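Colleague: I'll drop the sequence and a predicted model, then ask my questions.
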Amino acid sequence: MTTETLPAPDTAAAPRGRPLLWAAFVLFVLAVPVTAWLLQQKRTGDAPPPLATLPGFSLTAQDGRVMTLEDFRGRIWVANFIFTSCQGACPLLTQKMAGVQKWIVEAEKESRSGRLPILLASFTVDPKVDTPERLTAYGDKYGADFGRWHFLTGPLPEIERTVVKGFRMSMDAGMSGIEDGRDAPSFEQAYDIMHGERFVLVDWQGRIRGYYVTDREGLGNLSRDIRSLLAEMGAG
């Protein structure tokens, strides 16, 4: 009787799927920290880039004090645009700005440094009517802390220059004499004039860092970007 031996295994015929499995495993291991990093970036986010630098302005606050862009240096600030006789969007916009003020107060409770370098500024687009006294009464109505929330008025040409040519926000044509923003220059990035119902975030160097619709998502983005700017300037 002959003894048959099993043929030696053919190493060349080893399963081809094994290297692919190892490669997939390595990619998975590498992907986990990368994915976690991306999620963290999405959650925290870098500070938004500068869009433009505001020109200087000289306007009158609700207490009669002259305020310029220099009074906002070293602070992050949020601007909006209202007029006191408005019965449409302005009351809601001012209520939402009051909500931003409340958010700042709550954020200060969590901050180790106490009072945060954040200001609010409401620019009237009807300065012929909105005197400092009228703005004071308007701010009181919405619980404004005048130590951090300023209401600004001034000569119409200065308001137009600041709001339209500086912030690139629209003003009512019947009120300001500007039609469709055709007199306003463009940003270097050729941004269009934004609708006047947006909030504008400005950094401590007077640079515009973002425009925000005032719905829940937009205000959430605003609070996130304020925190990012606080971290960028080493505050908070």
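Modeller: Noted; the coordinates are in hand.

Colleague: Buried residues in stretch 122-133, which are they?
Modeller: Of the residues in stretch 122-133, those with enough neighbours to count as buried (16 or more other C-beta atoms under 10 Å) are 122-127, 130-132. Bear in mind the C-beta positions are built from the backbone N, C-alpha and C, glycine included.

Colleague: cool, stretch 228-236 as well?
Modeller: Here stretch 228-236 shows 228-230, 233, 235-236 as buried, counting by 16+ other C-beta under 10 Å.

Colleague: Which of these scores worst on pLDDT?
Modeller: Across the buried residues of stretch 228-236, the bottom pLDDT score, 62, is held by residue 236.

Colleague: mind listing the helices for the chain?
Modeller: Ranges of helices within the chain are 17-44, 89-110, 132-141, 156-160, 173-176, 216-232, based on DSSP state H.

Colleague: which of the buried residues of stretch 228-236 sit farthest apart?
Modeller: By the measure C-beta to C-beta, 228 and 235 form the most distant pair in the buried residues of stretch 228-236, at 11.5 Å.

Colleague: residue ranges with poor pLDDT in this structure?
Modeller: The model of the chain has pLDDT under 70 over residues 1-45, 172-195, 236.

Colleague: quick revisit: and which of the buried residues of stretch 228-236 is nearest residue 80?
Modeller: residue 229 (17.4 Å).

Colleague: re the thing from before, which two among the buried residues of stretch 122-133 are spaced furthest apart?
Modeller: Longest span within the buried residues of stretch 122-133, C-beta to C-beta: 125 and 132, 15.7 Å.

Colleague: start to end distance for stretch 79-95?
Modeller: Using C-alpha to C-alpha, to the nearest Å, the end-to-end distance of stretch 79-95 comes to 14 Å.

Colleague: The nearest residue to residue 96 once chain neighbours are set aside: what's it in contact with?
Modeller: Nearest in space to residue 96, with sequence neighbours left out and distances taken as C-beta to C-beta, 6 or more residues apart in numbering, is residue 214 at 4.9 Å. For residue 214, the residues meeting the contact criterion (C-beta atoms under 8 Å, 6 or more residues apart in numbering) are 92-93, 96, 197-199.

Colleague: can you check residue 58 too?
Modeller: Contacts of residue 58 were listed using C-beta under 8 Å, 6+ apart, and they are 66-68, 154, 158.

Colleague: Could you give the bridge partners of it?
Modeller: Judged by DSSP bridges, the bridge partners of residue 58 are residue 68.

Colleague: now, among the contacts of residue 58, which is nearest to residue 143?
Modeller: Relative to residue 143, the closest of the contacts of residue 58 is residue 67; by C-beta to C-beta it sits at 20.8 Å.

Colleague: measure the closest one to residue 104 for me?
Modeller: Plainly put, residue 67 is 19 Å away from residue 104 if you go by C-beta to C-beta, to the nearest Å.

Colleague: Surely residue 83 and residue 125 touch.
Modeller: Yes. Counting by C-beta atoms under 8 Å, residue 83 touches residue 125, with 5.3 Å between them.

Colleague: just to revisit the earlier point, any chance of a ChimeraX selection covering the buried ones in the contacts of residue 214?
Modeller: The ChimeraX selection below is limited to those of these classed as buried (16+ other C-beta under 10 Å):
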select :93,96,197,198,199
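
Colleague: got the contacts of residue 214 as a markdown table, with distance to residue 109 columns?
Modeller: Below are those laid out as a markdown table (distance: C-beta to C-beta, whole Å):
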| residue | distance to residue 109 |
| --- | --- |
| 92 | 26 |
| 93 | 25 |
| 96 | 21 |
| 197 | 30 |
| 198 | 28 |
| 199 | 22 |
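
Colleague: Any chance of JSON lines for the buried residues of stretch 228-236, columns distance to residue 150?
Modeller: As requested, the buried residues of stretch 228-236 are arranged in JSON lines below (distance: C-beta to C-beta, whole Å):
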{"residue": "228", "distance to residue 150": "23"}
{"residue": "229", "distance to residue 150": "19"}
{"residue": "230", "distance to residue 150": "20"}
{"residue": "233", "distance to residue 150": "20"}
{"residue": "235", "distance to residue 150": "20"}
{"residue": "236", "distance to residue 150": "21"}
